[in-house]
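Asks: would you be able to build a 3D model of this:
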Amino acid sequence: MSLLLLLLGCSAELERLPVTLHAEQVTEGYILGALLGEGSSLFIADRDGYILWRHDGTPGILTPVVAPARDGEHLLYNEFAEDRTVDIGAVNRLGIDGGLTESIRTESAHHTFTELPDGTVAYLAVDVRETEEYGGVVGDRLLEVHPDGTVTQVFSVWEHFEIVEHLNWNSNHYPQGHDWTHGNALYYNHEAQTYLISFRNISAVIEVDRATGKVVRQFGGEDRRYTVGGDGFLYQHGVHWTEDGTLLMTTSGAGGDADGLETWAVEYAVDSERRQLTEVWSYGRGEGLHARALGEAHRLPGGNTLVNWGTEGLLREIAPNGDVLWEMEGSTDEEFFGRTWFLKDISAFLD
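Replies: Numbering: from 1, shown residues only. Alright, predicted model coming up:
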């Protein structure tokens, strides 16, 4: 696996992230991800933990999300100010050789983005408004940057939700005002032409029609038109549709403040006729792990699941029966994982 570094002209000894192998049935492939904590960097590692490629970020700038570009040859990653005091939001297109080929300005961006099949980049942006009762309140909006550079707004929380104070209202996460909705995940369903958006602080997930900006469905939050089975979800992250049409996410339990709660992965089947979510799979209850921020779960080829505990600095591959097959940690106690992807093959990056 040192071939990648060799082809890039690197002869240094490979850095390795701590890996524990618990079984032989690990899904073959690679991990693409962001490393945060002592700065921001991007990496590709093999299943033994060897970092085959790394791209270091700039101090004071967060790069929590990296993703394979739809052209199959580049990577996309976002940037915004760590303290959120200045607006430097951008999504950058990067070659595996470290060459920056494009920088797309994403005004007021935070957390995450996604690339659409037509080349449009959609992202979450803060939507700050001055209110008579609360002063500055920080909500979210969904914006699209089209290939020709034009920008359109698809959705704003101010058009759908009523302001509700909560335990994280005065978190100081955003210096512009109260941290209201705290959007943290964005997924685009090309077949349905809808966006799935997660709002951490109000424990709500909505599906938005791209063409109209209307909310098609809402799960959780103050809207109880969908009942949620099991323990429900709270402070969810990484919410997305699986190929089977289920919702997969991480949650930090139900009830109380996010600090100290246990975090686990959970999957729901969605019954639109009965308006209910039914828990069909989960992992992590009783493990004593807590993601103060970030976290996600990905279904792997063959049916295993890669669970990312964000600030816990831990990735695990889990079999359908709950057995732990493999785990990877950050290289230090302060280093943790942002967005991660499973790559079956990396040969396209070498062409």
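Asks: so where's the stretch 201-350 of the chain uncertain?
Replies: Applying pLDDT under 70 to the stretch 201-350 of the chain flags the ranges 223-224, 254-260, 349-350.
Asks: run the last query once more with 90
Replies: Counting by pLDDT under 90, the ranges of the stretch 201-350 of the chain that qualify are 220-233, 252-262, 286, 288, 292-293, 331-334, 347-350.
Asks: next, count neighbours for the nearest residue to V19 once chain neighbours are set aside.
Replies: The shortest distance from V19 to any non-neighbouring residue, by CB to CB, 6 or more residues apart in numbering, is to G49 (3.6 Å). All C-beta atoms are positioned from the backbone trio N, CA, C, and that covers glycine. By other CB atoms under 10 Å, the residues close to G49 number 20.
Asks: got a list of what G49 touches?
Replies: Each residue near G49 by CB atoms under 8 Å, 6 or more residues apart in numbering is listed here: 16-19, 328.
Asks: name the member of those that has the highest neighbour count.
Replies: In these, the most neighbours by other CB under 10 Å go to M328, 24 neighbours.
Asks: and the helix or strand hosting that residue, what does it pack onto?
Replies: For M328, the host element (DSSP states H and E) is strand 324-329. Other helices and strands packing on strand 324-329, by 3 or more CB pairs under 8 Å, 6 or more residues apart in numbering; DSSP states H and E, are strand 19-21, strand 314-318.
Asks: I'd like the ones you listed as CSV, with distance to V270 appended.
Replies: Below are the helices and strands packed on strand 324-329 laid out as CSV (distance: least, CB to CB, whole Å):
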stretch, distance to V270
strand 19-21, 35
strand 314-318, 22
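Asks: could you single out the most deeply buried of these?
Replies: Greatest average neighbour count among these goes to strand 314-318 (a mean of 23), per mean count of other CB atoms under 10 Å.
Asks: can you give the contact residues for that one?
Replies: Taking CB under 8 Å, 6+ apart as the rule, strand 314-318 contacts 26-27, 31, 265, 283, 289, 300, 304-309, 324-330, 337, 340.
Asks: what angle separates that strand from strand 324-329?
Replies: In terms of direction (axes from the mean of the first three to the mean of the last three CA atoms, to 10 degrees), strand 314-318 departs from strand 324-329 by 160 degrees.
Asks: OK, contacts around the residue nearest to I202 when sequence neighbours are not counted?
Replies: Nearest non-adjacent residue to I202, counting by CB to CB, 6+ apart: G221, 5.1 Å away. Contacts for G221 (CB under 8 Å, 6+ apart) come out as 161, 199, 202-205.
Asks: now do whatever helix or strand comes next after the strand holding M328 against strand 314-318, angle only.
Replies: Next in sequence after strand 324-329, counting helices and strands by DSSP H and E, comes strand 336-343. Per the same axes, to 10 degrees, the angle that strand 336-343 makes with strand 314-318 is 40 degrees.
Asks: tell me which of the helices and strands packed on strand 324-329 lies nearest to A45.
Replies: A45 sits nearest to strand 19-21 of all those, at 8.6 Å, using CB to CB.
Asks: the closest one pairs with which strands?
Replies: Here strand 19-21 has these sheet partners by DSSP bridges: strand 324-329 (antiparallel).
Asks: residues in contact with the strand it pairs with?
Replies: So strand 324-329 is contacted by 17-23, 25-26, 31, 45, 47, 49, 304, 313-319 (CB under 8 Å, 6+ apart).
Asks: what is the neighbour count of R47?
Replies: R47, neighbours per other CB under 10 Å, totals 17.
Asks: quick check: it touching E28?
Replies: Yes: assessed by CB atoms under 8 Å, R47 is found in contact with E28 at 7.0 Å.
Asks: closest one to Y188 among the helices and strands packed on strand 324-329?
Replies: Per CB to CB, nearest to Y188 of those: strand 314-318, 24.1 Å.
Asks: follow-up on the earlier one: now the contacts of strand 314-318: which count as buried?
Replies: Among those, those buried by neighbour count (16 or more other CB atoms under 10 Å) are 26-27, 31, 265, 283, 289, 304-309, 325-330, 337, 340.
Asks: what's across from D209 in the sheet?
Replies: T194.
Asks: give me phi/psi at the residue lying farthest from the centre of the chain?
Replies: Going by CA atoms, centre = their mean, the residue of the chain most distant from its centre is E132, 33.3 Å out. Main-chain torsions, E132, degrees, to the nearest 10: phi -70, psi -40.
Asks: and the nearest residue to A69 once chain neighbours are set aside, how many neighbours?
Replies: Sequence neighbours aside, L76 is the residue nearest to A69 in space, at 5.0 Å (criterion: CB to CB, 6+ apart). Neighbourhood size, L76 [other CB under 10 Å]: 21.
Asks: swap in V270?
Replies: Other residues lying near V270 total 17 when counted by other CB under 10 Å.
Asks: the host helix or strand of it: which residues count as buried?
Replies: For V270, the element it lies in under DSSP H and E is strand 264-271. Buried residues in strand 264-271, defined by neighbour count with 16+ other CB under 10 Å: 264-268, 270.
Asks: I'd like to know which elements that strand is packed against.
Replies: strand 247-251, strand 276-283.
Asks: and those strands, which is most packed in?
Replies: The most buried stretch of the helices and strands packed on strand 264-271, if neighbours are counted by mean count of other CB under 10 Å, is strand 247-251, with a mean of 24.
Asks: which elements pack onto that one?
Replies: strand 237-241, strand 264-271, strand 296-299, strand 305-308.
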